[in-house]
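Asker: Give me coordinates for this.
(chains A and B)
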Protein chains: 2
Amino acid sequence: MGELRAGVDLGGTKIQAVVVDADNAVVGQARHPTPKGDGPAGVATGIALAVAEAASQAGTDVQHLSGIGVGSPGAVDDAAGTVTQAPNVAPDWTGTFALAAAVSEQVGGSPVRLGNDVDVGTRAEFELGAASEFRSLLGVFWGTGVGSGVILDGAQWNGRGSAGEFGHMVVRLNGALCTCGRRGCVEAYAGRKAMELQARRMVEKGASRELFEIMEKRGRTTLSSGVWSRALERGDGLAQHLVDRAVDALAAGIASAVNLLDVEAVVIGGGLGTRLGEPYAERIAGRMQRHLFRDDRPPVVRVAALGDLGGAIGASLLVGTQASTPA
Amino acid sequence: MGELRAGVDLGGTKIQAVVVDADNAVVGQARHPTPKGDGPAGVATGIALAVAEAASQAGTDVQHLSGIGVGSPGAVDDAAGTVTQAPNVAPDWTGTFALAAAVSEQVGGSPVRLGNDVDVGTRAEFELGAASEFRSLLGVFWGTGVGSGVILDGAQWNGRGSAGEFGHMVVRLNGALCTCGRRGCVEAYAGRKAMELQARRMVEKGASRELFEIMEKRGRTTLSSGVWSRALERGDGLAQHLVDRAVDALAAGIASAVNLLDVEAVVIGGGLGTRLGEPYAERIAGRMQRHLFRDDRPPVVRVAALGDLGGAIGASLLVGTQASTPA
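Answerer: So this is what the prediction gives:
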């Protein structure tokens, strides 16, 4: 089985850990809710526990892992081992926290590497997933927000450290208010959070409550990807309207990015992207056509192949690479 | 003075030739109207004559130039020496024409290299002009259409051969009809051709004719950059409205590109861009702020420093480099 390493996808609601072998096959995994209430330190403990469980499932012990990669939201500085501003993970995570050291300490000193969650997810699809035969890729993560990773000629493009804000490309000047406070961003139409706000506004104005009835039946307090998916299956008009609107915004944004960069492939991941899957990736590709300058030669559009584990597997790819400091 | 080489900016209305020395200083130049009526072959002759005149002004002869670079619209294949579909240059230039060989033959066999006009213009600003201290750049050419060149980590990014279609990024879903037939593109608002169509529509509906009066006084049949500039100076409301609209579209498109790529610098060139100059580059930068994800750290926005000669100087940079075939 050779050397084993761990990867962790750190999210606002869950910590997904995997242990993979030298061939990147998943040989252990664990999924825990993200600890709330103990701040960044509590999150570090949660990561260590999830990795320990995944390691045990893989028949080994955390101390014997060659390293742990963590994909995190917020501003990640791998060289410094820190994550700054990840309030979606822990409400009081507003400053800079030395996450790598905090995790490493709890797992017997195994080296811990950090990456941006969307970047490692894109890398995973590029190396091992839906885009493994291409050299240039736009990875679009359609979830609570809309994130992206850009790979050009085999290398991740970070710009001055903040590239990949696909979700805040403008698709409608003076358009809908985005959760970021700006107007007309892709995310203002396609982010699950923005979609839910719009759904609530429309229900207040008399639209069907079906989306929220499904939510309540499932004991949820927000419109999860599963709730959206179920409402679409049941033919709910409001869900169809808002998802169509999201598809149009994603299609315009992706086509804009392709007109600018002419990448070979686009991979659609994220909670909503993977849940809605192939039929909706096809819809996005279809709606892109009217905006593509080279509509005779569209990029390949695929659903993320690694699904839920993509982020964690991508994080494991950080182990053994060279650390870089953001600009 | 060392070795001399020539660069040519081939446009729909004029052929601009320069001869530069080893330090890229312009030592000779000539500007001729683009020959109409003799097809691509007539254009090749026009290029040879303009280069001969520029060489003579530089105190040399075309045969003694180390080479000639030509920046051309259309689909350029430098390795094959061909330009395909440049109907703006010659109406019957709809197929593939061996431009490099045709020019070379008329200048005593000097090697001729070809590049895309916008790409060589961007390269010139990157190497010698407004962005010479940066490593990543979006060059925006605001003229009849809106073109762009993308330089990332010092190298031009071509994608699969068609990158840089900034003018067709979508800034308003279901928005204004673009001259390309699509809707809501940057160029639908900012391209001089689209701006003129909109001005004509608005005059038909009763808007002030001042723009067209200036045009007529200057003996022109279209709204040139000079006409727009004069109308703005005179405070014409229609010109102000349409230029503001163009500025907003450019700002949204550039901010989208920056959100995706996080480049260090943006250079605004092209006929309108260089004519309207610094005050309008500042307006564009100002209007970008509301769309920039990292509005605390905007890119540097500058007017192209090489002005009218940028394309020709950039084309001269092709001489001595390695040819590449587009994808």
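
Asker: Which of the helices and strands in chain A ranks last by mean pLDDT?
Answerer: Averaged element by element with mean pLDDT, DSSP states H and E, chain A has its least confident helix or strand at strand A:75-77 (a mean of 91).

Asker: Give me the buried positions along that strand.
Answerer: A:V76, A:D77 (16 or more other CB atoms under 10 Å in any protein chain shown). (Glycine included, C-beta is placed from N, CA and C.)

Asker: Show me what counts as buried in stretch A:13-24.
Answerer: For stretch A:13-24, the buried set under the neighbour-count rule, 16+ other CB under 10 Å, comprises A:I15, A:Q16, A:A17, A:V18, A:V19, A:V20, A:N24.

Asker: rewinding a little: the least confident helix or strand of chain A: what's the following helix or strand?
Answerer: strand A:82-84 (DSSP states H and E).

Asker: can you give me the helices in chain A?
Answerer: For chain A, the helices defined by DSSP state H cover A:39-57, A:99-106, A:117-127, A:186-190, A:192-204, A:210-217, A:225-233, A:237-261, A:270-288, A:310-316.

Asker: Chain B: which of the ones you listed is closest?
Answerer: Put simply, out of the helices of chain A the one that sits nearest chain B is helix A:237-261, at 3.9 Å, with distance taken as CB to the nearest CB.

Asker: now the angle from that closest one to helix A:270-288?
Answerer: Helix A:237-261 and helix A:270-288 meet at an angle of 70 degrees, taking axes from the mean of the first three to the mean of the last three CA atoms, to 10 degrees as the criterion.

Asker: quick revisit: Serialize the buried residues of stretch A:13-24 to CSV and add fields for pLDDT.
Answerer: Below are those laid out as CSV (pLDDT from 0 to 100):
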residue, pLDDT
A:I15, 96
A:Q16, 97
A:A17, 98
A:V18, 98
A:V19, 98
A:V20, 97
A:N24, 95
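
Asker: quick one: which of those residues is nearest to A:V62?
Answerer: Within the buried residues of stretch A:13-24, the smallest distance to A:V62 is 9.2 Å, found for A:V19 (CB to CB).

Asker: So the closest one is in contact with A:A25, correct?
Answerer: No: A:V19 lies out of contact with A:A25 (CB atoms under 8 Å); the separation is 9.9 Å.

Asker: if I pick the closest residue to A:R290 other than its chain neighbours, what's in contact with it?
Answerer: Closest residue to A:R290 in three dimensions, ignoring its sequence neighbours and counting by CB to CB, 6 or more residues apart in numbering or on different chains: B:R182, at 6.4 Å. Listed by CB atoms under 8 Å, 6 or more residues apart in numbering or on different chains, the contact set of B:R182 reads A:R290, A:H291, B:H168, B:A188.

Asker: what's the answer for A:D236, then?
Answerer: A:D236 neighbours (CB under 8 Å, 6+ apart): A:S208, A:E210, A:L211.

Asker: so what's the last one up against?
Answerer: Just to be clear, that refers to A:L211. By CB under 8 Å, 6+ apart, A:L211 lies in contact with A:A199, A:V203, A:L223, A:V227, A:W228, A:A231, A:D236, A:L238, A:A239.

Asker: ok, which pair from the residues you listed is furthest apart?
Answerer: In the contacts of A:L211, two members sit farther apart than any others by CB to CB. They are A:V203 and A:W228, at 14.3 Å.

Asker: more neighbours, those two?
Answerer: In terms of neighbours (other CB atoms under 10 Å in any protein chain shown), A:W228 is the more surrounded of A:V203 and A:W228; the figures are 26 against 15.

Asker: Pull up the gap between that one and A:G237, please.
Answerer: Taking CB to CB, to the nearest Å as the measure, A:W228 and A:G237 are separated by 13 Å.

Asker: and the closest residue to A:R209 other than its chain neighbours, what does it touch?
Answerer: Using CB to CB, 6+ apart and skipping the chain neighbours, the partner closest in space to A:R209 is A:V203 (5.6 Å). A:V203 makes contact with A:R209, A:L211, A:F212, A:L238, according to CB under 8 Å, 6+ apart.

Asker: State the pLDDT value of A:A90.
Answerer: We have a pLDDT of 89 for A:A90.

Asker: What's the local residue count around the residue of the stretch 201-327 of chain A at minimum distance from chain B?
Answerer: Evaluated by CB to the nearest CB, the stretch 201-327 of chain A has A:D262 as its residue closest to chain B, separated by 2.5 Å. Neighbour count for A:D262, taken as other CB under 10 Å: 24.

Asker: And the pLDDT for it?
Answerer: Looking at A:D262, its pLDDT stands at 97.

Asker: Go ahead and confirm it touches B:F166.
Answerer: No: A:D262 is not in contact with B:F166 according to CB under 8 Å; the separation is 11.6 Å.

Asker: For the closest residue to chain B within the stretch 101-250 of chain A, which non-adjacent residue is spatially closest?
Answerer: With distances taken as CB to the nearest CB, the stretch 101-250 of chain A approaches chain B most closely at A:G159, which sits 2.5 Å away. With CB to CB, 6+ apart as the criterion, A:G159 has its nearest non-adjacent residue at 2.5 Å, and that residue is B:D262.

Asker: need the contact list for the one you found.
Answerer: A:N158, A:G159, A:R160, A:G161, A:S162, A:A163, A:G164, A:E165, B:S136, B:R294, B:P299.

Asker: And for A:A101?
Answerer: Applying CB under 8 Å, 6+ apart, the residues near A:A101 are A:G81, A:V112.

Asker: mind running it again at 7 Å?
Answerer: Taking CB atoms under 7 Å, 6 or more residues apart in numbering or on different chains as the criterion, A:A101 is in contact with A:G81.

Asker: Let me see the contact set for the residue nearest to A:A231 when sequence neighbours are not counted.
Answerer: Nearest non-adjacent residue to A:A231, counting by CB to CB, 6+ apart: A:A239, 3.7 Å away. With contact set as CB under 7 Å, 6+ apart, A:A239 has these partners: A:L211, A:W228, A:A231, A:L232.

Asker: what's the closest of those to B:P40?
Answerer: Using CB to CB, A:L232 comes nearest to B:P40 of those, at 53.9 Å.

Asker: wait, the closest one sits on A:V243?
Answerer: Yes: counting by CB atoms under 7 Å, A:V243 is a contact partner of A:L232 at 6.3 Å.

Asker: okay, those two: which has more neighbours?
Answerer: For A:L232 and A:V243, the more surrounded residue by other CB under 10 Å is A:V243, and the numbers stand at 21 against 18.

Asker: ok, now how distant is that one from A:I284?
Answerer: Between A:V243 and A:I284 the distance is 11 Å, computed by CB to CB.

Asker: Check A:P35 too.
Answerer: Remark: distance between A:P35 and A:I284 (CB to CB) = 35 Å.

Asker: Repeat that for A:R192.
Answerer: 16 Å.

Asker: Is it correct that A:R172 is in contact with B:V170?
Answerer: No: the pair A:R172 / B:V170 is not scored as a contact, 8.6 Å apart, by CB under 7 Å.

Asker: Which one of the contacts of A:V203 is nearest to A:A131?
Answerer: Distances from A:A131 to those, taken by CB to CB, are shortest for A:L211, at 32.3 Å.

Asker: can you pull the contacts of A:G191?
Answerer: Listed by CB under 7 Å, 6+ apart, the contact partners of A:G191 are A:T144, A:G145, A:V146, A:G167, A:T179.

Asker: quick one: which of these has the most company?
Answerer: The member of these that has the most neighbours, counting by other CB under 10 Å, is A:V146 with 32 neighbours.

Asker: can you pull up the bridge partners for that one?
Answerer: Using DSSP bridges, the beta-bridge partners of A:V146 come out as A:W142.

Asker: For the stretch 1-150 of chain A, what lies in contact range of chain B?
Answerer: Residues of the stretch 1-150 of chain A lying close to chain B by CB under 7 Å from any CB of the partner chain are A:S136, A:V150.

Asker: Tally up the residues packed near the closest residue to A:G307 other than its chain neighbours, please.
Answerer: Excluding its sequence neighbours, the residue lying closest to A:G307 (CB to CB, 6+ apart) is A:T274, at 5.2 Å. A count of nearby residues for A:T274, using other CB under 10 Å, gives 22.
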